[in-house]
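J.: What shape does this take:
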Amino acid sequence: MIDEASVTRFVTLDEEGYFVMDGLRVSDQALGAEWLSKIQLDDRGRAFFTDRDAGGEYTVIVEAFDQPLVALDVLFADENEAAWTARFPYGVEKKFDPETLCFDEWDRFHFRTIEGVPAVLSRSAQARFFQAATDYDDDSVTFGDRTIQLKSNFEETPAAEHASWWSEIYRTGHLRWDLGAAHPLLDELLPPLKFTRSRVLILGCGLGHDAAWWEKRGHIVTAVDFSEDAIAKAKSLYGESPTLRWQALDAFQLPANWSSSFDIIFEHTMYCAVPPHRRAELCKTWWRLLSPRGRVLGIVPTMDKPLGPPYGGTEWELRRRLLEPLRQSKRSLFRPLIWKRLRNSHGRRFGRELFFVVERGDSATD
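T.: Next up, the predicted model:
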């Protein structure tokens with residue numbers, strides 16, 4: 001696990017898996033290879049490596065836009081070898097077990113190196129991967145005599161799609177995600193945006209700390225949670241008023257007359273809690289509920305965590321869902337206003353949070 005006190009540096013990895021410093025891609029092959037070859041994953045899904053200078057050893061957190069490793073090519077071993085080799089930027093090569101191959105909803109292939117670091121095939125590597133395959137279908141891919149069964153890159157928990165599962169957690173008090181107060185960076189992130197009195201919606205509000213924060217600053221807040229137990233506890237903590245309403249509802253089945261009713265949606269713990277196969281639906285729900293030019297403000301985890309909830313995610317995935325044109329409309333759901341990694345998050349969230357502000361676009365059809 002990373003010792004936050006030892007972290008003195010952050011470094012960014014771009015979409016193609018190259019390091020970026022001061023806005024420029026690192027071109028030093030030796031330095032890039034040294035850093036890339038040392039990347040590890042801690043028990044909270046954070047990518048990092050350790051380095052040393054005259055002052056001693058220090059930790060560098062790797063802010064990967066996609067996976068920490070992006071494979072440029074795959075070198076297939078013969079049938080007598082269990083591991084294959086992937087080639088990455090800066091000439092780095094790493095072994096991986098092909099049985100770790102899995103796919104995301106965009107049909108991109110992911111895998112884990114022998115050291116357990118997650119990787120994804122680049123577009124060109126994926127094309128060559130399929131060219132080398134002797135057969136493939138939705139569930140498997142075959143190379144000669146070897147057939148590899150494929151699975152999704154997330155391992156979902158079906159029970160978590162039911163309110164009773166969440167209510168049991170609230171009854172037992174095992175709220176690992178609950179900070180006991182509003183997100184501590186709200187007081188830093190929100191004032192510079194100078195929002196006037198707004199209609200704010202919070203989905204997956206839990207015990208209501210964030211909802212109460214917004215209401216105390218003059219906004220009209222509607223807070224929704226799947227669990228009636230969560231809503232009952234939130235009411236007991238913060239009360240209810242004309243400017244702070246609590247609703248025990250399914251976020252995916254909100255009334256039709258709520259459409260275009262909110263100026264701001266604050267996303268904190270909902271996106272990582274819903275089953276990943278419903279994330280696209282959640283983004284369209286945000287679009288539907290926002291007024292024209294309404295905004296989503298999000299603080300979401302960027303981490304490797306295939307089993308949830310909470311589930312992990314990447315900036316690549318969020319950009320794809322929020323900012324890239326939909327297939328039929330050729331327009332995106334949202335326009336970006338702010339998009340940055342947070343480097344001063346607290347406790348177990350340190351080094352793995354993204355803050356974004358996006359404005360509702362023109363179309364939600366697909």
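J.: From here on, just use CA atoms for contacts and neighbour counts.
T.: OK.
J.: residue ranges of the helices in the stretch 251-366 of the chain, please?
T.: 279-289, 315-322 (DSSP state H, counting those that start in this stretch).
J.: what's the longest one packed up against?
T.: Using 3 or more C-alpha pairs under 8 Å, 6 or more residues apart in numbering; DSSP states H and E as the contact criterion, the elements in contact with helix 279-289 are helix 315-322.
J.: Where does pLDDT dip in the stretch 51-200 of the chain?
T.: For the stretch 51-200 of the chain, the stretches with pLDDT under 70 are 78-80.
J.: could you redo the last one with a cut-off of 90?
T.: 52-57, 76-82, 130, 132, 136-138, 143-146, 172-178 (pLDDT under 90).
J.: Now do the helices in it.
T.: Going by DSSP H, counting those that start in this stretch, the stretch 51-200 of the chain shows helices at 123-132, 163-172, 186-189.
J.: of the ones you listed, which approaches R320 most closely?
T.: For these, distance to R320 was read as C-alpha to C-alpha. The smallest value, 15.0 Å, belongs to helix 123-132.
J.: Show residues contacting the longest strand along the chain.
T.: Determined from DSSP state E, the single longest strand within the chain is strand 290-301. Contacts to strand 290-301, defined as C-alpha atoms under 8 Å, 6 or more residues apart in numbering, come from residues 259-269, 271-272, 286, 312-313, 349, 352-361.
J.: In TSV: the helices of the stretch 51-200 of the chain, plus mean neighbour count and distance to D42.
T.: Listed next are the helices of the stretch 51-200 of the chain as TSV, based on neighbours: other C-alpha atoms under 10 Å; distance: least, C-alpha to C-alpha, whole Å:
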stretch	mean neighbour count	distance to D42
helix 123-132	15	27
helix 163-172	15	26
helix 186-189	10	27
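J.: Take these and write them to JSON lines, including distance to V117.
T.: What follows is the helices of the stretch 51-200 of the chain, written out as JSON lines (distance: least, C-alpha to C-alpha, whole Å):
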{"stretch": "helix 123-132", "distance to V117": "18"}
{"stretch": "helix 163-172", "distance to V117": "31"}
{"stretch": "helix 186-189", "distance to V117": "32"}
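J.: on that earlier part again, among the contacts of strand 290-301, which ones are in strands?
T.: Members of the contacts of strand 290-301 lying in strands (criterion: DSSP E): 262-267, 353-360.
J.: what's the farthest-apart pair in those?
T.: F262 and E353 (24.7 Å).
J.: one step back: now the longest strand of the chain: buried residues?
T.: L290, S291, P292, R293, G294, R295, V296, L297, G298, I299, V300, P301 (16 or more other C-alpha atoms under 10 Å).
J.: Going by distance to G56, which of the residues you listed wins?
T.: Among those, P301 lies closest to G56 (C-alpha to C-alpha), at 30.1 Å.
J.: ok, so what distance separates that closest one from R349?
T.: Taking C-alpha to C-alpha, to the nearest Å as the measure, P301 falls 8 Å from R349.
J.: go on, V300?
T.: Taken as C-alpha to C-alpha, the span from V300 to R349 is 10 Å.
J.: again, but for G218
T.: 28 Å.
J.: more neighbours, the two?
T.: Between G218 and R349, counted using other C-alpha atoms under 10 Å, the more crowded position is R349 (18 against 14).
J.: Could I get the pLDDT score of the more buried one?
T.: pLDDT recorded at R349 is 92.
J.: what's near enough to touch it?
T.: Contacts of R349 (C-alpha under 8 Å, 6+ apart): P301.
J.: Spell out for me which residue occupies the centre of this protein.
T.: When C-alpha atoms, centre = their mean is applied to the chain, the residue found nearest the centroid is G313 (2.6 Å).
J.: List phi and psi for the closest residue to that one other than its chain neighbours.
T.: Leaving aside its chain neighbours, G313 sits nearest to T302 (5.2 Å; criterion: C-alpha to C-alpha, 6 or more residues apart in numbering). Here is the backbone geometry of T302 (degrees, to the nearest 10): phi -120, psi 100.
J.: Cross-check the contact I'm expecting between T302 and T314.
T.: Yes. Between T302 and T314 there is a contact at 5.1 Å, judged by C-alpha atoms under 8 Å.
J.: These two: which has the busier surroundings?
T.: In this view T302 and T314 are compared by other C-alpha under 10 Å, and T302 has more residues nearby, 27 against 20.
J.: OK, contacts around the more buried one?
T.: Applying C-alpha under 8 Å, 6+ apart, the residues contacting T302 are G312, G313, T314, E315, R352, E353, L354.
J.: Out of the residues you listed, flag the one nearest to R25.
T.: Once C-alpha to C-alpha is applied, the member of the contacts of T302 that ends up nearest R25 is E315, at 18.0 Å.
J.: what residues are up against that closest one?
T.: A64, F65, D66, T302, L354.
J.: Now for these: which two are most distant?
T.: D66 and L354 (12.9 Å).
J.: How about the contacts made by L150?
T.: L101, C102, F103, D138, D139, S140, V141.
J.: Thank you kindly, that will do.
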